[in-house]
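Undergrad: here's my sequence, what's the structure:
(one chain, ligands or ions: 2)
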Amino acid sequence: MDIPSESDRALRDEIVERARTAGLRLVRFLYCDNDGLIRGKATGMSSLARRLETGIGLTVAMQAFSLLDQLAPVEGMGPVGEIRLVPDLKTFVVAPYSVVTGVVLVDMTTLEGAPYPADGRGFLRRMVGRARDADMEIVAAFEPEWSLARSEAGSYVPLDESNCFSTSGMVAAAGVIDELVAALEAQGMAVEQYYPELGWGQQELSIGRAPALRAADNHLLYRETVRDVAARHGLVASFAPKPWPDQAGNGCHLHWSGWNRDLTVNRFHEAGGPYGLSEAARQFIAGVLDHLPALVALTCASVNSYRRLQPQTWASAYRTWGFDNREAALRVPSPLRGLEAESTNVELKASDSSANPYLALGGVIAAGLDGIERGLDLPRPVAVDPASLSEKEREELGAVRLPTSLGEAIDNLERDAVLLDALGDRLAASYLAVKRSNIAAFAAHDEAFEFAQHFSKF
Ligand code: GLU
Ligand code: MG
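TA: Numbers count the residues shown, from 1 in each chain. Ligands and ions are numbered 1, 2, ... in the order given. I've put the predicted structure just below:
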């Protein structure tokens, strides 16, 4: 950890001042756990100044907790031992959806102040560092879909039955969306686009890209904001990958590109390169494709995720890449005319909001850098729906079916030396244990239990 500097001190004073002026009663210290849940503890105002410096204590067990609050068996992650949740001061916001709360995102540290090895945010920091060593600054955006629902007689009912991109859907959700846009912008997140999506009650509202760590932080703040604004309207916002069995899934497509250090040159773009892609971009994509059957354990991270990853649902089901192909797991979107250099990017469709965004993006970076290190070639792009190809054609393209269950994905991750090495022993062991605990728990229950337990968790 960095040694506290004068500027940290000044920043802490400024936060305390802002908190007082805003009349905050609590400041939440938030993190994302190994199972994708946002958890945290809040400090009262009298101890805010101190806690901004020392952090708040947390049992080591929490990174072995599942979304069912079951403690997975991991050595050294039981009732004995503490870590600290130490705020990253730059992430402080006065949460505009509530008049009395502030939010700050934290790094997990040991009692001595060293990075805690089971911290997902620390993992992404390390992967950002690795990319920097390869002269690449990863810029990313999480593009979440989510569903608005009413809770009625013990079940969740979609807010409306509106059509994709329809203005009737816009009207149905207008109150929530207006407040949401204002709340996001008050936190420095610029709204890019909004529309009702295909599923009943389904919304898609995207925010601008940012350097990798900030992009993952933004996704947490975004989820917090959506959930709270919806609740203020008496609604439930679901980020579950498949909220209802008969409706479109909620993806959280992950877009990224690799830039030079001062973010002036998009190193993924090369005028005249195939599809405008540079060699580094092609190798990076090839790396992600190569690791994808294991990587989805990080990006499609829940039992519920695999209901969404089905052929012909525009969610992606095969290990393929394609130009403007919305059935390909990796899509290279057509760049904007006149803005080719700056708009060239890659999208991973096999990604959803049940993932811990730090682990998802960190895993993508580890896989992509491996592609660059090994100088991997991209296979041929797929220009049709891969489900329409014959088995033989798919085989020739290496277009294997992506895992159809979390268990299969976790088995693949356990065999992927590059991703395991990037995660490090403690993070890998705790992550695998938490997921195995879920796999066993959900296998012992029916589908209704699975839908109910994922609906409002993320
Ligand atoms: N809802 C689709 C998914 O599950 C994505 C639809 C689209 O935006 O292309 O990923
Ligand atoms: Mg969409």
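
Undergrad: please make it C-alpha for all contacts and neighbour counts, starting now.
TA: Fine.

Undergrad: contact residues of the stretch 151-300 of the chain facing ligand 1?
TA: 248-251 (Cα under 6 Å from any ligand atom).

Undergrad: try 5 Å
TA: Counting by Cα under 5 Å from any ligand atom, the positions of the stretch 151-300 of the chain adjacent to ligand 1 are 249-251.

Undergrad: in JSON lines: these, plus pLDDT.
TA: Formatted as JSON lines, those follow (pLDDT from 0 to 100):
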{"residue": "Gly249", "pLDDT": "98"}
{"residue": "Asn250", "pLDDT": "98"}
{"residue": "Gly251", "pLDDT": "98"}
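
Undergrad: got a markdown table for those, with secondary structure too?
TA: Shown next, in a markdown table, are these (DSSP: H, G, I helix; E, B strand; the rest coil):
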| residue | secondary structure |
| --- | --- |
| Gly249 | coil |
| Asn250 | coil |
| Gly251 | coil |
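
Undergrad: which of those residues lies closest to Asn34?
TA: Nearest to Asn34 out of those is Gly251 (Cα to Cα; 19.0 Å).

Undergrad: give the helix, strand or coil label for the residue lying closest to that closest one once chain neighbours are set aside.
TA: Distances taken as Cα to Cα, 6 or more residues apart in numbering put Asp352 closest to Gly251, at 4.6 Å, once the chain neighbours are dropped. Three states are possible here, and by three-state DSSP the one that applies to Asp352 is coil.

Undergrad: so where is the chain shaky, pLDDT-wise?
TA: Counting by pLDDT under 70, the chain contains low-confidence residues at 1-4, 99.

Undergrad: got the contact list for the residue nearest to Gly251?
TA: Taking Cα atoms under 8 Å, 6 or more residues apart in numbering as the criterion, Asp352 is in contact with 144, 241, 250-253, 299-301, 305.

Undergrad: among the residues you listed, which lie within helices?
TA: 299, 305 (DSSP state H).

Undergrad: by neighbour count, which of the contacts of Asp352 wins?
TA: Ranked by the number of neighbours (other Cα atoms under 10 Å), the contacts of Asp352 place Pro241 first, at 33 neighbours.

Undergrad: just checking: what are the partner strands of the helix or strand that contains Leu85?
TA: Remark: Leu85 resides in strand 82-87, with elements defined by DSSP states H and E. Each strand pairing with strand 82-87, determined using DSSP bridges, is listed with its direction: strand 56-59 (antiparallel), strand 101-109 (antiparallel).

Undergrad: got TSV for those, with distance to ligand 1 and mean neighbour count too?
TA: Below are the strands paired with strand 82-87 laid out as TSV (distance: least, Cα to the nearest ligand atom, whole Å; neighbours: other Cα atoms under 10 Å):
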stretch	distance to ligand 1	mean neighbour count
strand 56-59	35	18
strand 101-109	27	23
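
Undergrad: how about these in CSV, adding distance to Ala417?
TA: Formatted as CSV, the strands paired with strand 82-87 follow (distance: least, Cα to Cα, whole Å):
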stretch, distance to Ala417
strand 56-59, 29
strand 101-109, 25
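
Undergrad: from the contacts of Asp352, which is closest to ligand 1?
TA: Within the contacts of Asp352, proximity to ligand 1 (Cα to the nearest ligand atom) peaks at Gly251, which comes in at 3.8 Å.

Undergrad: could you find the closest non-adjacent residue to Asp33?
TA: For Asp33, the nearest residue in space outside its immediate sequence neighbours is Gln63; the separation is 6.0 Å by Cα to Cα, 6+ apart.

Undergrad: cool, and Gly40?
TA: Using Cα to Cα, 6+ apart, the nearest residue to Gly40 is Leu30, at 4.3 Å.
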